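Enquirer: sequence and predicted model, in that order:
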Amino acid sequence: MGVSITGISSGLDTAGMIQQLMQVESIPYGKLEDKHSMLNAKQGVFRSINTKLSALRTAAFDLTSSGAWQTKQAVLGEDGSKILSATVGDNALTSKYNVKVEKLALASSYASQSINRSTDATTLNGQTLKIYNGSNSLAITIQDASTMDDVLNQIVGQINGSNIGISASSISTSSNGKTLALFSKGTGFDNELSFGDAANGTKRVLDISDSLSAALGLAETQKAQDAEIVVNGVRATSSGNKFENIMDGLSLVANAVGQTTVDVQSDTSKLVSQVEAFVKAYNGVIQDVRGYTAKGAALQGNSTLRTLGTTLNNLANIAVGAGTLKDIPSFYGLEIDKGITTASLMTGAINFDKSKLLSKLEADPEKTKQFLTSAMSAFDNTLKTWTQANTGIMASAIKGYDSEISANADAMAAMDMRLSAKEARLKAQFSNMEVLLSGLNNQKSWLTNQLASLNSLNSNK
């Protein structure tokens, strides 16, 4: 370790002198530090705007989805959700319906008598159970069965391993007793289970050899049943509990027997909320772009952000349609700087007139939907080139700052090494000076003592 001698011989504040000299030498390094902070701040602005721009793109995309334009809702009467559920489309008529659920759809089922699973079943080997379901069929032949448990396992395993439209279970009814249960996988008369010897449309037909039939003793435990509802006095049936498009745009699902009302109403709240979210996202981006590129701001005149501002303004004034029939967003309540004519007061923000949009929706919902989905698609497609990860315009700008920050950091590191070396040289030089002055001072003291001795000798003669 080097030794620094500070002003011992010279009486000078050499440490202070070195510090002052290094402060002068460090001025360029300070400028690099300022540049580092500035580059990081600018990059931070681009990151922030890119995040907001992505949110704006998402808000625009959401307005192109079919869910945003679900402008009807079904309101059920008291306890109505226990009786049925309802879904509506845009083409549903606004009306109130009295709905009575009289029957729920049921699946056909059969069960055997309680069977002692240990009972000898060797005489049943070769017996058959055939199941028909339309053009599909399944033939089960009992093989190598010793007990009734083997028979039941073969029947259950082969039915459940097929795609015949029936499910089977072997239910334990006592310590040694089991019951075979067969269930149609579909509800209603079309999926009914019955006995026969050939296919019968969509019904599930069981053809059981006599000995096996006697051993099982299958009997019907639940009859197939169609669902039945009455809507404003009109009866309707369905093999399942769902009544698809029972009225234009209205579908019902029966949950329980009972009576309620279904009130189909206009519902624009979701659409309005999504438009408001879009406007908020747009105004957030445009406020940042204008603020950071204004006179005296950190990114004054930045070409990328100025181009972004122009692009957003053009999109917010996009014309959709052909010839003289083109529509613009302001016709639908989305207007930039509404009512402001003084340039210095203009902010570029969108003003949302909800009443104007609702008026357009009521007058021509399909035209309103076509315009806004077209306008929002333009936003979505254009902003994709700006926000795309890695290759988007904003990502490229952020990467550009990464390069500048890295280069500046390298320059700071190199200058830091030079400054450290410079300080070390100064300390060494001043230390050497102090050593030299110390030697000279020692010589001075010796000469002074010698002269004093000579003078003493001469005065004694």
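Expert: Yep, it's here.
Enquirer: helix or strand for the residue nearest to the spatial centre of the chain, which one?
Expert: Among the residues of the chain, the one closest to the centroid is Thr58, at 9.9 Å (Cα atoms, centre = their mean). In this assignment (DSSP states H and E), Thr58 forms part of helix 27-62.
Enquirer: buried residues, stretch 207-224. List them.
Expert: Buried residues in stretch 207-224, counted by 16 or more other Cβ atoms under 10 Å: Asp207, Ile208, Ser209, Leu212, Ser213, Ala215, Leu216, Leu218, Ala224. C-beta coordinates here come from the backbone N, C-alpha and C atoms, glycine included.
Enquirer: pretty sure Lys35 is touching Ala409, no?
Expert: No: contact between Lys35 and Ala409 fails when scored by Cβ atoms under 8 Å: they sit 10.2 Å apart.
Enquirer: for the helix or strand that comes right after the helix holding Thr58, name the packing helices and strands.
Expert: Per DSSP H and E, helix 27-62 leads on to strand 72-76 as the next helix or strand towards the C-terminus. Judged by 3 or more Cβ pairs under 8 Å, 6 or more residues apart in numbering; DSSP states H and E, the packing partners of strand 72-76 are strand 84-88, strand 258-266.
Enquirer: sec struct for Leu299, please.
Expert: Of the three states, Leu299 takes coil under DSSP: H, G, I helix; E, B strand; the rest coil.
Enquirer: can you pull out the helices in the stretch 151-300 of the chain?
Expert: Remark: helices assigned in the stretch 151-300 of the chain by DSSP state H, counting those that start in this stretch are 210-216, 269-293.
Enquirer: so the longest one versus strand 72-76, what angle?
Expert: This means helix 269-293. Angle of helix 269-293 versus strand 72-76, following axes from the mean of the first three to the mean of the last three Cα atoms, to 10 degrees, is 130 degrees.
Enquirer: and the helix or strand that comes right after helix 269-293, what's its mean pLDDT?
Expert: Going down the chain from helix 269-293, the next helix or strand is helix 303-316, by DSSP H and E. If you average the pLDDT over helix 303-316, you get 94.
Enquirer: same question for whatever helix or strand comes next after helix 303-316, mean pLDDT?
Expert: For helix 303-316, the succeeding helix or strand toward the C-terminus, using DSSP H and E, is strand 334-336. Taken as a whole, strand 334-336 has an average pLDDT of 93.
Enquirer: just use 55 as the starting number from now, easier for me
Expert: Right, with 55 as the first residue, what we last looked at is strand 388-390.
Enquirer: okay, now the sheet partners of strand 388-390, with direction.
Expert: Partner strands and pairing direction for strand 388-390 (DSSP bridges) are strand 404-406 (antiparallel).
Enquirer: sorry, back to before: between the helix holding Thr112 and helix 357-370, how many degrees?
Expert: Interaxial angle, helix 81-116 versus helix 357-370 (the same axes, to 10 degrees): 20 degrees.
Enquirer: about what we covered before: contacting residues around the residue nearest to the centre of the chain?
Expert: Thr112 makes contacts with Ala335, as judged by Cβ atoms under 8 Å, 6 or more residues apart in numbering.
Enquirer: what's the answer for the one 4 residues further on, then?
Expert: Contacts of Asp116 were listed using Cβ under 8 Å, 6+ apart, and they are Ala122, Gln328, Ala331, Phe332.
Enquirer: same deal with Asn190?
Expert: Here Asn190 is in contact with Asn217, Ile218, Gly219 (criterion: Cβ under 8 Å, 6+ apart).
Enquirer: for it, phi and psi?
Expert: Asn190 has phi and psi values of phi -90, psi 150 when expressed as degrees, to the nearest 10.
Enquirer: ok, it to Asn217 distance?
Expert: Per Cβ to Cβ, to the nearest Å, Asn190 is found 7 Å from Asn217.
Enquirer: what's the answer for Lys453, then?
Expert: 55 Å.
Enquirer: any weak-confidence spans in the stretch 205-354 of the chain?
Expert: Counting by pLDDT under 70, the stretch 205-354 of the chain contains no low-confidence segment.
Enquirer: give the other helices and strands that the lengthiest strand in the chain contacts.
Expert: When the chain is scanned for its longest strand (criterion: DSSP state E), the result is strand 231-241. Other elements packing on strand 231-241 under the criterion 3+ Cβ pairs under 8 Å, 6+ apart are strand 161-165, strand 169-170, helix 202-214, strand 220-226.
Enquirer: please redo it, this time with the cut-off set to 6 Å
Expert: strand 161-165, strand 220-226 (3 or more Cβ pairs under 6 Å, 6 or more residues apart in numbering; DSSP states H and E).
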